[in-house]
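A.B. asks: Based on what follows, work out the 3D shape:
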Amino acid sequence: MCAVAATAHAADPAPIDPVQGYSFEAGTRGWSASGGALTAVRRADAPDGGSVARLRRNASLARSLAVTRPRVAIAPRTATGYVIGAWLRADARSSAGDRAVLRVVQRARSGKVVKRWTSAPLTLGRTFRPARVALTTAPGGGQLDVTVVHQLAKAGDASLVDALTVARRTSSGVPSPTSTRTRHSAPM
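C.D. replies: Got it, this is the predicted structure:
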C-alpha cells in the first residue's frame, strides 16, 4: 500500500474549513510519512496555493506509502458529523491507475482508538482529483489522525496531496462554510 492524504468523492469538495498547513505552502512540518520520502514541492496545477505534498516510495520493503496529519482536535463530548477532504494525483507514470484511500482514526486523549473510517478507493490519475469521507464521531474521542494511503505502491511510485480539509457537517449533511477552522499553533 502507498499512502497519500485524500478522500474520494464524485464532485468538487464543498467549502470546508482547512487544517492548518493543509496546502503545504509552509512545508510538511506537523505531518508524518511512512514507506517513502515526504517533501513539499511547487506545482503549477496545485489545487490550493502553489505547493503540494509529494510522497515517493523509497527502496524499502514497505508495500505502502502513507502521509498522516495526527491529532486534529475535534469536539470530544458529543457525536459530531465531519467531512474530511483532500485533492490527490499520481506523480509518476507508474502510479497512474493506482488506488488511494483516506483513513481516519478517532482517538481519546489517552491515545486509545475510539473509531475508524476508510473512504472508497480513488483511482490516481495525471490530474488532481478530489476525495472525501463523511463520518460521525463517537463521544469520548477528542482527536483525529487523518492518513492518505497510496495502495500497493512500487519502488519509484509517487503521489501528490493538497488541500486537506476537516469540517463539521450541517444538518443537511453539507459542510458548514462558517464552521471554525481546526488550528494547530505548534507542530505536532
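
A.B. asks: can you tell me which residues contact Arg57?
C.D. replies: 2, 35-36, 65, 153-158 (C-beta atoms under 8 Å, 6 or more residues apart in numbering). Every residue, glycine included, has its C-beta placed from N, CA and C.

A.B. asks: repeat that with 7 Å
C.D. replies: By C-beta atoms under 7 Å, 6 or more residues apart in numbering, the contact list for Arg57 reads 2, 35-36, 65, 153-157.

A.B. asks: immediately after the lowest-mean-pLDDT helix or strand in the chain, which helix or strand?
C.D. replies: Least confident helix or strand, the chain: strand 65-73 with a mean of 82, by mean pLDDT, DSSP states H and E. Helices and strands here follow DSSP states H and E; after strand 65-73, the next one along the chain is strand 81-90.

A.B. asks: Which strands and helices lie in contact with that following strand?
C.D. replies: In this structure, strand 81-90 packs against strand 99-107, strand 129-136, strand 143-150, strand 158-168, with contacts taken as 3 or more C-beta pairs under 7 Å, 6 or more residues apart in numbering; DSSP states H and E.

A.B. asks: cutoff 10 Å now
C.D. replies: In terms of contacts (3 or more C-beta pairs under 10 Å, 6 or more residues apart in numbering; DSSP states H and E), strand 81-90 is packed against strand 51-57, strand 65-73, strand 99-107, strand 122-123, strand 129-136, strand 143-150, strand 158-168.

A.B. asks: Could you pull out the buried residues of it?
C.D. replies: By neighbour count on 16 or more other C-beta atoms under 10 Å, the buried set for strand 81-90 is 81-90.
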